[in-house]
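Q: okay, here's the prediction I keep looking at, along with the sequence it came from:
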Amino acid sequence: MKSTWFVLLVLALLSSWPGTAAAQSAAAPLVIGETFTLESKVLGETRRLNVYLPPGYAESPSLRLPVLYMPDGGLNEDFLHVAGLVQVSVGNETMRPFILVGIANTERRRDMTGPTEVAEDKKIAPRVGGSAAFREFIRTELMPAVRARYRTTDETAVVGESLAGLFVVETLLLEPALFTSYVAIDPSLWWNRGALAGQAAKLLQTQPSRFAGKAVYLAISSQGDDQHMHQLTEALAASAARTGLRSQYDPLPSETHATIYHPAALRAFRLLFKPAPPKK
């Protein structure tokens with residue numbers, strides 16, 4: 001009888017030992033957000049959107065939140081690390097809660113670039129120069145879909161790095177009304193021989209009231225385009241009194257093009273999306 005009890009005890013211990021088949025539970029998906037697709041008539045294709053909702057959104061059925069849009073928003077692109085940055089920044093109260101909407105790429109170099117006259121630029125992809133259509137997709141299809149699905153405020157922001165940073169700067173200068181805040185990290189201002197930065201001063205002088213109440217954060221790494229960034233920031237500084245556009249420029253020489261996104265985004269979110277001081 002004692003030996004039977006001992007055998008049963010040994011079998012029970014073995015079955016609960018870590019790593020044994022009996023002790024392992026079935027794996028389940030790890031969910032950090034939502035995803036949906038949108039049939040775009042503007043682009044003639046299906047686009048996937050990845051969404052992170054701060055915890056407070058589910059806890060308060062009446063809560064409305066601003067929206068942070070990000071190109072390069074696929075799961076194998078920048079969505080996960082930016083969602084993590086939003087999550088921890090909201091959690092430690094260095095950033096106001098935002099809904100994050102990541103736009104997964106289909107033809108990145110088409111969507112992020114404007115027209116170019118440079119032959120070498122045109123070699124980077126089968127199709128380039130589609131930024132105007134991508135902006136139209138965001139304005140006429142994506143934003144209405146987000147407003148219909150989620151409880152949002154009128155405040156919007158956009159963050160992008162490299163070619164996506166170029167798209168952010170171009171959108172600021174050509175259609176500032178589309179977003180409230182703009183974050184451009186190591187933008188590829190070299191595109192079309194730096195034409196966008198070269199036109200910045202003129203574009204900022206065209207109906208300067210369009211920029212009132214807007215804000216832009218710019219950062220550059222040790223590998224960034226210093227020449228054209230300098231041209232852009234000079235134009236922003238010179239026009240600030242007329243436009244009312246708030247701008248912040250952060251050179252980050254200790255970062256490379258591959259490492260700058262996360263630290264620059266952290267700085268930008270803390271600056272542009274800082275929580276309001278508590279009421280006394």
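A: That came through fine.

Q: could you use CA atoms for every contact and neighbour count after this?
A: Noted.

Q: what comes up buried for stretch 61-77?
A: Within stretch 61-77, the residues that count as buried by 16 or more other C-alpha atoms under 10 Å are 64-74.

Q: output that stretch as CSV, nothing but the C-alphas.
A: As requested, the backbone C-alpha atoms of stretch 61-77 are provided in CSV (Å, rounded to 0.1, in the frame of the first residue of the first chain):
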residue,chain,number,x,y,z
PRO,A,61,-17.3,54.6,-22.4
SER,A,62,-17.6,58.3,-22.8
LEU,A,63,-13.9,59.0,-23.1
ARG,A,64,-12.8,60.6,-26.4
LEU,A,65,-9.1,60.7,-27.4
PRO,A,66,-6.9,62.3,-30.0
VAL,A,67,-5.4,60.1,-32.7
LEU,A,68,-1.7,59.6,-33.6
TYR,A,69,-1.3,58.3,-37.1
MET,A,70,1.9,56.6,-38.2
PRO,A,71,3.1,55.5,-41.7
ASP,A,72,5.4,52.4,-41.5
GLY,A,73,2.7,51.1,-39.1
GLY,A,74,2.9,47.4,-39.9
LEU,A,75,3.6,44.7,-37.3
ASN,A,76,7.0,44.0,-38.9
GLU,A,77,7.7,47.8,-39.2
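
Q: tell me the secondary structure of Phe269, please.
A: Classification of Phe269 by DSSP: H, G, I helix; E, B strand; the rest coil places it in helix.

Q: pLDDT wise, what is the closest residue to it other than its chain neighbours at?
A: Closest residue to Phe269 apart from its sequence neighbours, by C-alpha to C-alpha, 6 or more residues apart in numbering: Met95 at 6.2 Å. On the pLDDT scale, Met95 is placed at 97.

Q: repeat for Gly19
A: pLDDT, Gly19: 56.

Q: quick check: bridge partners of Thr46?
A: Judged by DSSP bridges, the bridge partners of Thr46 are Glu39.

Q: just Glu34 next, same as before
A: Here Glu34, judged by DSSP bridges, has bridge partners Val51.

Q: got the contact list for it?
A: Glu34 makes contact with 50-52, according to C-alpha atoms under 8 Å, 6 or more residues apart in numbering.

Q: which of those residues sits closest to Arg108?
A: Nearest to Arg108 among the contacts of Glu34 is Asn50, at 16.1 Å by C-alpha to C-alpha.

Q: from memory that closest one sits against Thr35, does it?
A: Yes. Counting by C-alpha atoms under 8 Å, Thr35 is a contact partner of Asn50 at 4.5 Å.

Q: which of those two has more neighbours?
A: Asn50 (22 against 11; other C-alpha atoms under 10 Å).
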